[in-house]
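J.: Kindly return the folded structure for what I paste below:
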Amino acid sequence: MTGLSLSKKIMGSAILLVIVCGGVTTWNTSREAERRLLPVINRKSVAVGQAVNAVLTRALDYGVPFERLNGTEEYFDKIISQPQNRDLAYLAVTDRSGKILYSAGKGLEEVSNLFAREAEKCNVAPHKIYSDSFTDNSLPVSAGGETLGALHLGVRKTFVRETLRNVLFDSFTVMLVSLLITFELLFFLVTRTVINPITDMESFFRRGAQNDFSSPPEIVPVGEIGRFTRTLHAWVDRLRAACEKTSAPGINFAPSLEAENALRHGNLYLIRPPLFILVFAEAMSMSFMPIYTSTLVDPAATWISREVIIGLPISVFMLCWGCAQPLCGMWADRFGIRSAFISGSIMTAIGLTCSGFAHSLPELLAYRAVGGVGYGMMFITSTTYVATHTDSTNRTRGMAMFLSVFFAGSLCGTAIGSILAERIGYANVFLLSGSLAFFSTFFIYFWLSVIPQTKRVVEKSAPGKFTIQMRKSRNKYIMFMRNLRFLALTFLVAIPAKMCLTGFMNYTAPLFLRELECGQSSIGRVLMTYGLVMIVVAPLAGRLADRLGNRRLFVQIGSAIAGAGLLVTYFLPNMQGVMISIGLLGLAHAIGVPSQLALLPEICRKETTHFGHGTVMGIFRLIERTGSIVGPLLAGVLIASVGFAGTFFGIGVLTLSGIFIFTIIISLTESGDDGE
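T.: Model (predicted):
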């Protein structure tokens with residue numbers, strides 16, 4: 001309890017310090033941005049105006065009549081559409097009387113009458129005109145020493161407020177990510193240097209009271225606890241030497257099963273940092289992957305719709321992730337967890353780094369395939385590590401730890417990746433994420449080396465055993481396919497849930513938000529809503545489901561919320577609607593997905609008894625993964641056919657229809673024997 005209390009004090013103090021420092025930094029940043037932003041925008045609009053005016057003057061100097069500057073409005077459209085000119089609402093050229101000759105953009109109807117009223121001032125020198133919505137910066141247009149009219153650049157007044165709001169949101173996002181990273185770092189350090197040593201010493205002294213001095217606590221490199229553990233090791237060495245001289249009976253120095261279990265359970269925390277780093281690295285590209293893919297699509301490729309092509313990298317990644325897990329599980333069994341995790345990290349790093357340098361869609365697909373295999377290897381290795389370092393008394397807590405780290409890394413990576421993409425570009429974000437993934441291999445190499453690698457002895461197959469195993473495997477799948485309730489849960493609930501995740505959140509939402517001209521940071525903030533809701537709601541929903549025991553009800557509620565959530569964006573097609581839909585999707589999955597896994601043994605009692613829980617879960621997961629693969633492709637087909645609104649409506653109705661039919665099937669087969 002002393003170590004636990006101390007750890008809470010340390011982590012609480014550090015998190016409070018991060019909150020205070022983050023709050024002060026956010027306040028100072030917003031004030032400084034507000035003070036400097038407006039002059040910068042004005043200077044920038046003047047610079048753009050001077051550049052445009054120079055182009056107009058050059059054309060006039062070549063003798064082109066002022067009333068016949070063909071292509072001017074197209075040129076203005078090109079300037080306004082550039083991302084760096086989001087502050088510009090319109091560009092216009094007026095004659096000496098203030099009449100508009102050329103224009104592009106929106107809002108001119110509000111200021112056109114002001115042009116005529118202020119024409120005399122605009123024709124003489126740079127001048128500002130203020131309206132309710134715009135600040136107009138005008139420059140005189142001259143040729144041959146004669147003033148012909150004026151160039152007007154309209155800056156949206158709301159742009160300053162929007163920019164300040166984005167700065168504030170980005171600051172809060174960075175503070176939230178800092179909190180999660182601080183928690184992960186401190187959890188590792190405190191567990192490594194305080195909690196585990198004290199727990200190990202408590203276990204050692206308890207065993208020592210029974211003359212068992214095997215496996216003394218691991219030496220901590222620094223601090224008072226480090227000096228104490230070194231002293232304790234020296235004392236054990238002297239005691240062992242004295243016992244060997246006197247041949248004292250009943251004193252054990254050989255490793256015991258209790259000591260080995262204590263070491264294995266105590267080292268569970270070591271998987272947290274590399275898992276967090278690797279998930280963080282992969283999630284950095286989540287918010288812009290469809291947008292990045294669209295830049296590589298060849299417009300001449302007409303053999304398949306552009307929308308479907310954009311979804312291919314996500315589907316290929318999910319396919320390789322799912323297919324790699326069985327093979328990677330065998331790799332971990334044969335060669336050990338540490339080597340499998342390092343191999344997966346290196347493959348993920350290669351896939352991410354090379355994705356940033358892809359020059360065509362086939363290249364990107366190949367790199368995403370490599371990354372998917374590596375990520376699948378990491379995923380199955382991490383779950384294997386948790387399974388081998390826990391037992392029936394703490395396995396649920398171990399898997400909860402795994403999921404919390406996974407979602408925390410995904411949330412942080414999505415948020416930071418979107419902010420960086422807006423500032424340093426997609427390629428540099430891929431390079432940075434690849435570097436982070438590669439960094440995790442060093443952690444695994446140096447820290448997991450203290451644990452004996454878990455390997456499973458692979459026996460040689462007897463002659464004809466492979467044929468028997470294949471026949472058993474075929475019979476196994478036939479037995480599952482006859483279970484109507486299993487099919488209903490898998491195809492009507494689990495697969496639509498995965499389709500909502502990859503088809504809507506990972507694919508459709510970023511493209512739709514970009515269609516609404518949302519910045520990359522805003523897209524990332526919207527997507528991170530899913531992870532936030534999952535982190536907060538999932539533990540509460542799990543405890544409530546355990547208490548009530550009605551897993552089917554939670555599955556039904558979760559799927560209903562997911563389907564209804566997608567319909568929100570159909571009726572509210574803006575950024576707020578997408579955020580509500582993604583938040584509801586996170587709520588739905590927090591409520592329904594864990595209950596799906598808990599409901600599975602109830603509807604597959606025969607299969608669980610016959611094949612075991614692990615086999616049932618593996619087949620369910622394998623089939624469920626098809627939803628992740630099909631999701632982006634289905635969304636692409638729907639977008640190409642019926643647009644974004646039709647896609648939201650279609651996936652939402654599909655999800656609601658699935659849970660409706662599932663409810664009917666479960667109700668009709670409730671009295672049957674597992675659906676047979």
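J.: May I have the predicted confidence score for Asn483?
T.: According to the prediction, Asn483 has pLDDT 80.
J.: can you give me phi and psi for Thr135?
T.: Summarising the backbone geometry of Thr135 under the convention degrees, to the nearest 10, its torsions are phi -110, psi 110.
J.: Please report the distance of Thr655 from Ala488.
T.: 14 Å (C-beta to C-beta, to the nearest Å). No exception for glycine: its C-beta is placed from N, CA and C like everyone else's.
J.: Met575 now?
T.: Shown here: Met575 relative to Ala488, a distance of 36 Å by C-beta to C-beta.
J.: Show me which of those two is the more surrounded one.
T.: Under the neighbour definition other C-beta atoms under 10 Å, Met575 and Ala488 were set side by side, and Ala488 has more, 22 against 19.
J.: Next, the more buried one: secondary structure please.
T.: Classification of Ala488 using DSSP: H, G, I helix; E, B strand; the rest coil returns helix.
J.: Pull the contacting residues for it.
T.: When the contact criterion is C-beta atoms under 8 Å, 6 or more residues apart in numbering, the partners of Ala488 are Ile661, Phe662, Ile665, Ile666, Gly675.
J.: okay, and the helix or strand of this protein with the least pLDDT?
T.: With mean pLDDT, DSSP states H and E as the measure, the helix or strand of the chain carrying the lowest mean pLDDT is helix 257-266 (a mean of 50).
J.: Remind me what whichever helix or strand comes after that one packs against, helices and strands.
T.: Sequence-wise, the next helix or strand downstream of helix 257-266 (DSSP states H and E) is helix 272-283. Applying 3 or more C-beta pairs under 8 Å, 6 or more residues apart in numbering; DSSP states H and E, one finds that helix 272-283 makes contact with helix 157-190, helix 337-355, helix 361-388, helix 395-424, helix 426-447.
J.: want to throw those helices into JSON lines with mean neighbour count and mean pLDDT?
T.: Compiled in JSON lines, these are given as follows (neighbours: other C-beta atoms under 10 Å; pLDDT from 0 to 100):
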{"stretch": "helix 157-190", "mean neighbour count": "17", "mean pLDDT": "79"}
{"stretch": "helix 337-355", "mean neighbour count": "24", "mean pLDDT": "89"}
{"stretch": "helix 361-388", "mean neighbour count": "22", "mean pLDDT": "86"}
{"stretch": "helix 395-424", "mean neighbour count": "21", "mean pLDDT": "80"}
{"stretch": "helix 426-447", "mean neighbour count": "20", "mean pLDDT": "87"}
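J.: Redo those as a markdown table? Include distance to Asn53.
T.: Listed next are those as a markdown table, based on distance: least, C-beta to C-beta, whole Å:
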| stretch | distance to Asn53 |
| --- | --- |
| helix 157-190 | 22 |
| helix 337-355 | 42 |
| helix 361-388 | 41 |
| helix 395-424 | 30 |
| helix 426-447 | 34 |
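J.: tally of neighbours for the closest residue to Lys106 other than its chain neighbours?
T.: Taking C-beta to C-beta, 6 or more residues apart in numbering as the measure, Lys106 lies nearest to Ala89, with 5.8 Å between them; neighbours along the chain are not counted. Look at Ala89: counted by other C-beta under 10 Å, it has 24 neighbours.
J.: how far away is Ala89 from Lys78?
T.: 15 Å.
J.: C-terminal to the helix ranked longest in the chain, what's the next element?
T.: With DSSP state H applied, the helix covering the greatest number of residues in the chain is identified as helix 2-61. The helix or strand immediately downstream of helix 2-61 is helix 72-81, counting by DSSP H and E.
J.: the inter-axis angle of that next one versus helix 2-61?
T.: Calculated by axes from the mean of the first three to the mean of the last three C-alpha atoms, to 10 degrees, helix 72-81 forms an angle of 170 degrees with helix 2-61.
J.: Run through the neighbouring helices and strands of helix 72-81.
T.: The elements that helix 72-81 packs onto, with contact taken as 3+ C-beta pairs under 8 Å, 6+ apart, are helix 2-61, strand 88-95, strand 100-105.
J.: let's see 7 Å
T.: Packing contacts for helix 72-81, counted by 3 or more C-beta pairs under 7 Å, 6 or more residues apart in numbering; DSSP states H and E, involve strand 88-95, strand 100-105.
J.: if we compare these, which one ends up closest to Phe280?
T.: The closest of those to Phe280 is strand 88-95. By C-beta to C-beta, the value is 36.3 Å.
J.: pLDDT on the closest one, on average?
T.: Confidence for strand 88-95, expressed as mean pLDDT, is 89.
J.: Likewise for stretch 272-287?
T.: Along stretch 272-287, the predicted confidence averages to a pLDDT of 89.
J.: how close does the closest residue to Ser305 other than its chain neighbours sit to Asn506?
T.: With C-beta to C-beta, 6+ apart as the measure, Ala640 is the residue that lies nearest to Ser305, at 4.0 Å, once sequence neighbours are left out. Distance of Ala640 to Asn506, given as C-beta to C-beta: 18 Å.
J.: Tell me how far the helix or strand containing Leu584 lies from the chain's centre.
T.: When elements are defined using DSSP H and E, Leu584 is found to belong to helix 575-603. Taking the mean C-alpha point of helix 575-603 and that of its whole chain, the gap between them comes to 16 Å (C-alpha atoms, centre = their mean, to the nearest Å).
J.: Who are the packing partners of that helix?
T.: For helix 575-603, the packing partners by 3+ C-beta pairs under 7 Å, 6+ apart come out as helix 484-489, helix 495-499, helix 509-515, helix 520-548, helix 551-571, helix 613-668.
J.: Least reliable of those by average pLDDT, please.
T.: Among the helices and strands packed on helix 575-603, helix 520-548 carries the lowest mean pLDDT, at a mean of 82.
J.: for that one, which positions count as buried?
T.: Of all the residues in helix 520-548, those buried under the rule 16 or more other C-beta atoms under 10 Å are 520-535, 537-538, 541-542, 545.
J.: could you give the angle of that helix to helix 157-190?
T.: Relative orientation of helix 520-548 versus helix 157-190 (the same axes, to 10 degrees): 50 degrees.
J.: counting contacts, what elements does helix 520-548 pack onto?
T.: helix 157-190, helix 395-424, helix 509-515, helix 575-603.
J.: change it to 10 Å
T.: Secondary structure elements in contact with helix 520-548, counted by 3 or more C-beta pairs under 10 Å, 6 or more residues apart in numbering; DSSP states H and E, are helix 157-190, helix 272-283, helix 395-424, helix 509-515, helix 551-571, helix 575-603.
J.: Next, the angle helix 272-283 makes with that helix.
T.: 130 degrees.
J.: now the angle from helix 520-548 to helix 395-424?
T.: Between helix 520-548 and helix 395-424, the angle formed by their directions is 170 degrees, by the same axes, to 10 degrees.
J.: tell me the angle helix 520-548 makes with helix 426-447.
T.: Inter-element angle recorded for helix 520-548 and helix 426-447: 50 degrees (by the same axes, to 10 degrees).
J.: Mind checking what secondary structure Leu327 has?
T.: In the three-state summary, Leu327 is assigned as helix, counting by three-state DSSP.
J.: ok, now which ones touch it?
T.: When contacts are counted by C-beta atoms under 10 Å, 6 or more residues apart in numbering, Leu327 is found next to Val373, Gly376, Met377, Ile380.
J.: again with Gly409
T.: 180-181, 184, 272, 275-283, 531.
J.: Out of the residues you listed, grab the one that's most surrounded.
T.: Neighbour counts for the contacts of Gly409, by other C-beta under 10 Å, peak at Leu278, which reaches 32 neighbours.
J.: If we ignore the residues flanking it in sequence, what's nearest that one?
T.: Here the nearest residue to Leu278 in space, its sequence neighbours aside, is Ser440; by C-beta to C-beta, 6+ apart that works out to 4.9 Å.
J.: Wait, the one you found touches Gly344, no?
T.: Yes. With contacts counted by C-beta atoms under 10 Å, Ser440 reaches Gly344, the gap being 9.5 Å.
J.: Brilliant, that's me finished.
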